[in-house]
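1. For reference, the sequence and a predicted model appear below.
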Amino acid sequence: MINEEYDIILFDGVCNLCNNLIRFIIRFDNRQTFRFVSLQSDKGKLLLKARGISDININSIIYFNKERVFFKSDAALNILYNMGYPWRLLYAFIIFPLFVRDGIYNLIARNRYLIFGQKNECMIPDDKIKGRFL
């Protein structure tokens, strides 16, 4: 079910913050390491089910790499690490305890619609980036 050739990022497809982060990753992922799928999509739900992850009340970006699944701040930092230099330098924030990193992550995640807004439907990628989405 999961294509082992690429790392996969599951994201909230209606969240403006999440969509902008995905556009950022696409812009700077020169090696085209990542593929994307929204949490709301059928493929996203199938990926979660295949890994035994409930799709109820997910308030996190989820990153599947070839070996592991990462959530919240671990997902964000590992994505940055795998984007290469200079983004890899931000991985240094891993030194902070998980409860601190995820506490900040949860605060932003809980308020992301209020602060950044949301769309009525998932982002539809244009032809230029369509191949990066599952």
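-> In hand now; what should we look at?
2. list the buried ones in the top helix by length along the chain?
-> Scanning the chain for the helix with the most residues, using DSSP state H, yields helix 98-116. Applying a neighbour-count criterion of 16 or more other Cβ atoms under 10 Å, one finds 101-102, 105, 109, 112 buried in helix 98-116. C-beta: built from backbone N, CA, C; applies to glycine.
3. What is the nearest of these to Lys49?
-> Ala109 (21.9 Å; Cβ to Cβ).
4. tell me the contacts of that closest one?
-> The neighbours of Ala109, taking Cβ atoms under 8 Å, 6 or more residues apart in numbering as the test, are 59-60, 72.
5. Quick one: these as a markdown table, columns for pLDDT too.
-> Below are the contacts of Ala109 laid out as a markdown table (pLDDT from 0 to 100):
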| residue | pLDDT |
| --- | --- |
| Asn59 | 79 |
| Ser60 | 86 |
| Lys72 | 94 |
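6. Which of those fall in helices?
-> Checking the contacts of Ala109 against DSSP H, those in helices are Lys72.
7. Please, where are all the helices along this structure?
-> Going by DSSP H, the chain shows helices at 16-28, 42-50, 72-82, 98-116.
8. Out of those, which is closest to Ile8?
-> Checked against Cβ to Cβ, the stretch from the helices of the chain lying closest is helix 42-50, at 6.8 Å.
9. Could I get the buried residue list for the closest one?
-> Here helix 42-50 shows 44-45, 47-48 as buried, counting by 16+ other Cβ under 10 Å.
10. Good, wrapping up.
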